[in-house]
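Colleague: I'll drop the sequence and a predicted model, then ask my questions.
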Amino acid sequence: MSRWPTSAAALRAQVVATRTGVTRAWAGVRGRLPRHVAYLHAQGVASWLAGGGAAEHADSFAAWCAAHAGADVRLRIAGEFVHGVAVDAGLQLRDARAVRQYALQQLTHYHGPQAAAWPLAAWADGAQCGACGLHGVDLAAMCVEAAAHGVRVLAATPAWSTALATVAAAVPELRGAGRRALLLVEGSAATWLVVTDGRLVTLRQRFLDAPQADAVARLLATLATEGEPLAGLPVVAGWGLAAPAALPADIAMVFGALDGPGAMADCLRDSPEQRA
Amino acid sequence: MTSHWPQPDFLARAPRRPAVAWLWLAAALVVAALVADDWIGAHRDLAEQQQRLARALQRLPAAAARPRPPAAGASAADADAIRAARAVVDRVAHPWDQILANIEAETPGGLQWLALDHDADDPAVRLEGNAVDVAAVLHFVDNLADHPGWSEVVLGRLRSAEGREADAAAPGWHFELRAAVDAPRIAQARPTGER
């Protein structure tokens, strides 16, 4: 991904953004502003027009911006770029500011001083809260790049949050009483989301030995030994496996197909921000 | 449908300040504005007072040169005391020595002084004496009138000494003369006057 770190580039981006601002405002007034959802992953960008449509692919975010000048976009960040930070409920952190502060300390402790510059995103679900750090992606440079093409980045959320909202809406078992779990598979990256009584409580990140179904089964077996037993079968959703998954029906419920792009679109295209 | 699922956003700005903080900020700004207004007013008053003081100081030398009348609030006793003090000062400042020196300088031989009547607050001078001959007395009158500050030098009485006085060692004429003295003029004439 190309970087535009110089101030001259930023200045030019500002000029372009100002020029396209009027056009954008007019289009927004007429309701003709295209809104996109883009999934940013290691191989590039997959995007959908909000409300339906076929997936589009771009090699980089810069290329995507060039192809979608003047659009609004909500970014979904792949799990491989996201570091979750668990916040113990006993810490009694008061607000999002305190959570971010704690996450900054944790990330710099485990990942070194460069983690101090990572963008942070705090979340809270009831009493439980947590945070995510973004690494391997220069979000500020991406925003400058987007502005240069008149693209407005409305949000940059980790993919697991959208997938959790979508799968929980589609699978009632995930919202049931007791301890439930969703395993989101994004190629080799996997995110283990534990939900208790309809509230997210734990976020763990693991890597598969290989993007294959038996690796998923082994990971599920390992995760089952951690923590208290689940009240029901874990739900597995995701994409990027090398072959059609054939998980035993007694170890997991599979949401969609784990190999094709269909589940990716199903999980990520809808905007829970707008639903909420 | 559950819509509470967390949506952490890496673009989210720092959490907004709570409303109480804005209230505090507004209150602090109001207080600051009031204080600033107060300060500006005080500053303006100070400048005005300083201007008035400067104007008063410019007028001060002329006012100070003028003799001050007794303060209106002073009591009658104070005024009496001041008047008495002034009288004493005037008496002390009266040119007694000059007056006597003038008389002595013009006194010819054969002339005896018997009396000198004069007071500091009265310009009249009365001299009484005996003389051998009238010409000496008249000469004395003329010379004394030539001194600055002496005026109306006149011979009052002149009679021949008789009776007991005639038996005295210095027979002749008994005379009395009057004059008026201008004390300030005599005092001014002191540097050139005869001592």
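Modeller: Right, received. Where do you want to start?
Colleague: so how far is chain A from B:Arg159?
Modeller: With distances taken as Cβ to the nearest Cβ, to the nearest Å, B:Arg159 is found 130 Å from chain A. For every residue, glycine as well, the C-beta is placed using N, CA and C.
Colleague: just checking, that residue touches B:Trp173?
Modeller: Yes - using Cβ atoms under 8 Å, B:Arg159 is in contact with B:Trp173, at 7.1 Å.
Colleague: the more surrounded of those two?
Modeller: B:Trp173 (18 against 10; other Cβ atoms under 10 Å in any protein chain shown).
Colleague: you'd agree the more buried one is up against B:Asn130?
Modeller: Yes - using Cβ under 8 Å, B:Trp173 is in contact with B:Asn130, at 6.8 Å.
Colleague: any idea of the pLDDT on A:Gly84?
Modeller: A:Gly84 is assigned 90 on the pLDDT scale.
Colleague: what helix or strand does it sit in?
Modeller: Assessed by DSSP states H and E, A:Gly84 sits inside strand A:82-86.
Colleague: that strand vs chain B: in contact?
Modeller: No - figure legend: strand A:82-86 not in contact with chain B (Cβ under 8 Å from any Cβ of the partner chain); closest approach 9.0 Å.
Colleague: residue 34: how many residues sit nearby?
Modeller: Just going to use chain A. Per other Cβ under 10 Å, the neighbour tally for A:Pro34 reads 12.
Colleague: nope, chain B
Modeller: Neighbour number of B:Leu34 under other Cβ under 10 Å is 10.
Colleague: please apply the same query to the one 4 residues further on.
Modeller: Other residues within reach of B:Asp38, judged by other Cβ under 10 Å, total 10.
Colleague: ok, A:Asp138 next?
Modeller: For A:Asp138, using other Cβ under 10 Å, the count is 17.
Colleague: is it fair to say A:Ala231 lies in a helix?
Modeller: No - looking at A:Ala231 with DSSP: H, G, I helix; E, B strand; the rest coil, it is coil, so not inside a helix.
Colleague: which residue is the nearest non-sequential neighbour of it?
Modeller: The shortest distance from A:Ala231 to any non-neighbouring residue, by Cβ to Cβ, 6 or more residues apart in numbering or on different chains, is to A:Gly178 (2.8 Å).
Colleague: measure B:Leu60 to B:His94 for me?
Modeller: 34 Å (Cβ to Cβ, to the nearest Å).
Colleague: quick one: the helices in the chain, in order.
Modeller: You didn't say which chain, so I picked chain A. Here chain A has its helices, by DSSP state H, at A:7-29, A:61-67, A:96-111, A:139-148, A:159-170, A:213-225, A:262-268, A:272-275.
Colleague: try again with chain B
Modeller: Using DSSP H, helices in chain B cover B:19-65, B:76-93, B:96-106, B:134-146, B:163-167, B:183-188.
Colleague: of all these, which lies closest to chain A?
Modeller: Closest to chain A of those, according to Cβ to the nearest Cβ: helix B:19-65, at 12.3 Å.
Colleague: do that closest one and chain A meet?
Modeller: No - Helix B:19-65 does not reach chain A (Cβ under 8 Å from any Cβ); its nearest approach is 12.3 Å.
Colleague: hang on, the earlier thing: who touches both of B:Trp173 and B:Asn130?
Modeller: B:Ala161 (Cβ atoms under 8 Å, 6 or more residues apart in numbering or on different chains).
Colleague: and the helices of chain B: which comes nearest A:Val151?
Modeller: helix B:19-65 (33.0 Å; Cβ to Cβ).
Colleague: so what's the gap between the closest one and the chain middle?
Modeller: Distance of helix B:19-65 from the chain centroid (Cα atoms, centre = their mean, to the nearest Å) equals 41 Å.
Colleague: what's the answer for stretch A:76-91, then?
Modeller: 11 Å.
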